[in-house]
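S.K.: Sequence plus predicted model, see below.
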Amino acid sequence: MSSSEALQQLKQALDTMYSNSAQEDKIRATHFLESFQRSQEAWELVVNILNDDSINDIQFKLFAAQTLRSKLTYDLTQLPESNYEQLKNSLIDLIKKYPLQDQKLIRTQLSIALSQLSLQYLTWQQAVPEIITKLSSDKQYLPCLLDFLRILPEELSDIKKTSLTDEEFMERTKLLISNNVGQVLAILDNLVSTTKDSKTDQIILDCLNSWIKECPIEQILQINSLTSLIFQSLSNDISFDKAIECLVTIIGETKDIENYELIDALYQQIIELNTYMISSNKLQDPETVEGITRLYVEACESWHVLIAKNPKHFKPLVEILLESCKYEEDLDIVKYTFYFWYLLKQIITLPKFESSKTVFSNIYEELISIILKHLTYPITANDNDLFEGDKEQEDKFKEFRYEMGDVLKDCCSVVGATKSLNIPFQQIQRIIGGESQNFHWQHLEAALFSMRTMAKVVSTKEHTILPSIMSLLVQLPDHPKIRYAATLVLGRYTEWTAKNPQFLEPQLTYITKGFEIIKNNPTDTKNNEDIIVSASRALMYFCKDCSELLVGYLEQLYMLYGQINNELDIESTYELVDGLAHVIQKVPTENLQKTTEMFIAPTLEKIQNFIASGGAPTATASQEDIYTQIADQIEIITIFINVLRAKDFKNPNFPVCDLFIAKIWPSIPQLLTLIGGKSIIVSERTLKLLKASIQSFSTYLNNLLPDIATILHEGFKSTRYGCYLWVSGILIREYGDEYTSEEIKEAVYQFGLSQSATFFEYVFQERNEEAIKSIPDVIDDFFRMSDDLLMYYPFKVIPNLEFLKSVLKLSLITLGLINEYDTIVSCVHFLIDLISWGSSNPPISLFNDENPEYIKKLIQEFLTLDNNGGELLRVVLNGLIFKFNVDVHQDVNDLILKILVIVPDKNLGINWLHQVVNSLPNVNNKEIEKLINTLGTALVNKDNRRIRSSLKDFVNWYSRKNISPRSEFN
């Protein structure tokens, strides 16, 4: 293809990307452009485009500059080193062609390219001085020089951006950065002295900001012209933002120095700056407020330890930040301050900083009042549409409220519960006492919300103000929003109520009245939903924390449950049932079975009616609705069983287990037989109930074990639902421990093998790739079960070569085909546990025993057998690069590490890895050698951290070079 034809194709592809073409055309164009950027031909063509003055299309030239940048970053090895000198000269000449302001985007890409070349051109010893000389030859090139100097430190800030070895990178950064700090600062110093132009000042400040971290901060601040430029620019609207950026960086660099005179000088400048900002009315502009707040926050965070140690000296700075919190136009600006309040609180609440806490206590107290104001919902005509339909703004505000709640907890820790709670308490009293004008429910709700968020740090021994608050809460005006908020507050202080039982009855009355209100006002759907949620949740907390006190109220609770059960949404029902079960738990043993049966009888009746009807749909409910309804009823039984678990297995029986065997168990096989493979939700909920029963009753179910095993085995065989394997793992875990007889343990092990054999047969026979991809959840459940089998029976599983071969085959299929995160993680965790048995540190404790040598040898031999370790390395490394979710990378790196460390011949492991890496497309020898040499040295030195980091760096580098898009097309 000729150069002109290639140019035309590129132009067409770019035009497609920036037009309204069909999505399919844009995808084809994207693939073409990405392929071009990685090609050998791109080198010459993009240089020609950038040199061609007849081409006026800015997007075309920008694409060429982006391509050249990516070629210099990732593909320099495509060129012989003999071409580097010519490339260097071409690049510098290209940058000179783009000095104008509207050419900045292109110039930036070319500066990155030149930075990358200066880093990787290892024999270019005078790179920075030469570039400075050539770009200083004419004043018109000044923007080119300053842009390059700005970008150079940024590009050299991370070794992971290059394929250089650590030694090469360190040597080059010293040569390019450290050795040139003085010259760069001198250039900037000279420019400040000779140039009086706001736009140039911006570029100088930008450049300076990049170099601040490259030398001791004292060196920067000793140059009067530069420090003067920074502070003078704060009064110039054009350069204000750049000056703020510089100051923020400078203050950040003082975090770890001990030059207190310098810190104090900066501190005094900030105080003076704040005075200037106020007196000159600069704080009317939101962008100025944001910038100056960022500066104050950086100072407070960087010096928070000094602030705590010298509270009186630094208190003015903290007061300035407090003033910033009062800003109402943009709450995101207020949010900047939150982390500092936490940092300072962490120190001044320590006993040795008691005097500092006293100094700052009034600031934190005022902060509570400020936050209380910010917590207030907007006042609008429609209480159910406070944000005028803007759902995004509503969600953002709600999230912000919870973050403010964390700050309130910090305040409470400093100020103390009594003073902190008194602030919203006084606001409530003013409102209901008529002192507050223009009362809206929003003001009451904000005060209640603040009380709720502070509950976590309020002691149950607080008796000064909480009694007054609790008395007041149940007497608040009966507005649905206020009832909702007050009910949630009561639910948060249930531990306090448990120690102050005189408040229990009025609080319960207030909560239960909420259920009556929704019956009397059925049309107010939104508020009713909120009240139901708050009341059921509060009642759950009361039942949990005041369970012993509520045993005497069980009859009333039973009646309430019966009255409101059908009114509640299912999640609220679950919460209420959870709470009721905690009260039942406190019933005397002799009454436990009868009481439990009383509460679950209505639910059991619904389940039995479902079974009797054959699960058929009705005139008012479809088949799926019927399945969902019965699944919800099964979940209610499960919640009761989960809470009412046996705690002492010394007694011959347990009442709730007796009830389970007599009344609940018969329904389980009936449900599973009736449903079969018709409803996954009913099967899963029924199996979840069985799981809860196994975990709650354990050995009390020994007589049912054969029946349970049969249900699980036949159920999986007939339905292929993963939930049967999931509960099989629970059974293995519960009955495979030391508390079970040898006979049962052996039976459980054989059960595990039988389930595995059925699963292998299911997956390996008559299963194509698409079919396997469609069952990630089932494979996930299998690996979880297998991990349980390995954990409890390692000395039976590991010698079982047929099992190991099958599970490895499945692992290779899973890692090669499945994309779902949970399945990959389960598979990788199983393999890590399995291979760890090849070391002296197996994944479980063997108490005083060591991992037997024969077990270690079996795993090591299995890795070398049929090149198993090499195959596994191939699949996981390809998965890391081409398909795995980034969240699983650390686990996969650990798996690779295990293989390399445990394989008996370390050279064999390295050779496996070398073969895998060498088989990757578009990888050069230098990249391979860097990885293999680093890993070889790290293995010899047993430096596992280095092995992990090297693998991670290689994968990230290869992905950026060959997989990730090199440019973004909009």
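M.R.: Here it is on my side, so go on. What you are looking at is a predicted structure, and each value in this text was computed from that prediction instead of being measured.
S.K.: Can you show me the helices along the stretch 551-700 of the chain?
M.R.: Remark: helices assigned in the stretch 551-700 of the chain by DSSP state H, counting those that start in this stretch are 554-564, 570-584, 589-612, 623-643, 655-659, 667-675, 680-697.
S.K.: Which of these sits closest to Asp383?
M.R.: Of all the helices of the stretch 551-700 of the chain, it is helix 570-584 that lies closest to Asp383, at 21.9 Å by C-beta to C-beta. C-betas here are computed from N, CA, C, even on glycine.
S.K.: Between helix 589-612 and that closest one, find me the angle.
M.R.: Helix 570-584 and helix 589-612 are oriented at 150 degrees to each other (axes from the mean of the first three to the mean of the last three C-alpha atoms, to 10 degrees).
S.K.: got a list of contacts for helix 570-584?
M.R.: If you take C-beta atoms under 8 Å, 6 or more residues apart in numbering as the criterion, helix 570-584 is touched by 532-533, 535-537, 539-544, 547, 550-551, 553-554, 557, 561, 564-565, 568, 592, 595-596, 599, 632, 635-636, 639-640, 642-644.
S.K.: Over to stretch 695-703?
M.R.: For stretch 695-703, the external contacting residues (C-beta under 8 Å, 6+ apart) are 641-642, 644-646, 649, 653-654, 656-657, 660-661, 693-694, 708, 730, 734-735, 739-740, 744.
S.K.: Can you flag the buried ones in those?
M.R.: 641-642, 644-646, 654, 656-657, 660-661, 693-694, 708, 730, 734-735, 740 (16 or more other C-beta atoms under 10 Å).
S.K.: I'd like to know which elements whichever strand or helix holds Ile251 is packed against.
M.R.: If you go by DSSP states H and E, Ile251 is part of helix 240-253. If you count contacts as 3 or more C-beta pairs under 8 Å, 6 or more residues apart in numbering; DSSP states H and E, helix 240-253 packs onto helix 198-211, helix 217-221, helix 224-233, helix 286-302.
S.K.: CA atoms of the shortest one as CSV?
M.R.: Same thing as helix 217-221. Output in CSV follows, covering the C-alpha atoms of helix 217-221 (Å, rounded to 0.1, in the frame of the first residue of the first chain):
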residue,chain,number,x,y,z
ILE,A,217,11.6,21.6,49.4
GLU,A,218,14.0,24.1,51.0
GLN,A,219,15.8,24.3,47.7
ILE,A,220,12.6,25.5,46.0
LEU,A,221,11.7,28.0,48.7
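S.K.: what is the mean pLDDT for that helix?
M.R.: The average pLDDT for helix 217-221 rounds to 93.
S.K.: Figure out how far it is from the centre of its chain.
M.R.: 37 Å (C-alpha atoms, centre = their mean, to the nearest Å).
S.K.: what's the offset of stretch 341-350 from the middle of its chain?
M.R.: The chain centroid and the centroid of stretch 341-350 are separated by 25 Å under C-alpha atoms, centre = their mean.
S.K.: can you offset everything so residue one is 59?
M.R.: Sure thing, new numbering starts at 59, so read that last one as stretch 399-408.
S.K.: Keeping just the C-alphas, turn that stretch into PDB.
M.R.: Presented in PDB, the C-alpha positions along stretch 399-408 are these (Å, rounded to 0.1, in the frame of the first residue of the first chain):
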ATOM      1  CA  TRP A 399     -11.400  16.200  61.300                       C
ATOM      2  CA  TYR A 400     -10.900  12.400  61.500                       C
ATOM      3  CA  LEU A 401      -7.100  12.700  61.600                       C
ATOM      4  CA  LEU A 402      -7.100  15.300  64.300                       C
ATOM      5  CA  LYS A 403      -9.700  13.400  66.300                       C
ATOM      6  CA  GLN A 404      -7.600  10.200  66.200                       C
ATOM      7  CA  ILE A 405      -4.800  12.000  68.000                       C
ATOM      8  CA  ILE A 406      -6.500  14.300  70.400                       C
ATOM      9  CA  THR A 407      -8.700  11.600  71.800                       C
ATOM     10  CA  LEU A 408      -5.500   9.800  73.100                       C
END
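S.K.: residues near the closest residue to Ser737 other than its chain neighbours, how many?
M.R.: Leaving aside its chain neighbours, Ser737 sits nearest to Tyr685 (4.2 Å; criterion: C-beta to C-beta, 6 or more residues apart in numbering). Residues near Tyr685, counting by other C-beta atoms under 10 Å, number 22.
S.K.: Go ahead and confirm Tyr685 touches Pro675.
M.R.: No. With contact defined as C-beta atoms under 8 Å, Tyr685 does not reach Pro675; the gap is 9.4 Å.
S.K.: residues shared between the contacts of these two?
M.R.: With C-beta under 8 Å, 6+ apart, Tyr685 and Pro675 have no common neighbours.
S.K.: List the contacts of the spatially closest residue to Leu203 that is not a sequence neighbour.
M.R.: Excluding the flanking residues, the one nearest Leu203 by C-beta to C-beta, 6+ apart is Leu193, at 3.8 Å. Leu193 makes contact with 150, 153-154, 199, 202-203, 206 under the criterion C-beta under 8 Å, 6+ apart.
S.K.: Same question for Lys736.
M.R.: Lys736 neighbours (C-beta under 8 Å, 6+ apart): 673, 685.
S.K.: State the distance from it to Gly672.
M.R.: 11 Å (C-beta to C-beta, to the nearest Å).
S.K.: Ok, Ile189 next?
M.R.: 83 Å.
S.K.: Those two: which has the busier surroundings?
M.R.: Taking other C-beta under 10 Å, Ile189 and Gly672 do not tie; Ile189 has more neighbours (26 against 7).
S.K.: can you pull the contacts of the more buried one?
M.R.: 150, 172, 176, 203, 206.
S.K.: contacting residues around the fourth one?
M.R.: In other words, Leu203. Under the criterion of C-beta under 8 Å, 6+ apart, the neighbours of Leu203 are 189-190, 193-194, 245.
S.K.: again, only using 10 Å
M.R.: For Leu203, the contact set (C-beta atoms under 10 Å, 6 or more residues apart in numbering) comprises 153-154, 157, 169, 189-195, 245, 249, 261, 265.
S.K.: again, but for the first one
M.R.: Contacts were defined as C-beta under 10 Å, 6+ apart; by that measure Ile150 touches 168, 172, 175, 188-189, 191-193, 199, 202, 206.
S.K.: let's go with 6 Å and repeat that
M.R.: Ile150 sits next to Lys192 when contact means C-beta atoms under 6 Å, 6 or more residues apart in numbering.
S.K.: From the contacts of Leu203, which land in helices?
M.R.: Of those, the ones assigned to helices by DSSP state H are 153-154, 169, 189-193, 245, 249, 261, 265.
S.K.: Which among those residues count as buried?
M.R.: 153-154, 169, 189-190, 192-193, 245, 249, 261, 265.
S.K.: Can you list the low-confidence ranges for the stretch 859-1008 of the chain?
M.R.: The stretch 859-1008 of the chain contains residues with pLDDT under 70 at 904-906.
S.K.: Report the angle between the helix or strand Lys162 falls within and helix 256-269.
M.R.: Element membership for Lys162 (DSSP H and E) is helix 162-178. Computed with the same axes, to 10 degrees, the direction of helix 162-178 lies at 30 degrees from that of helix 256-269.
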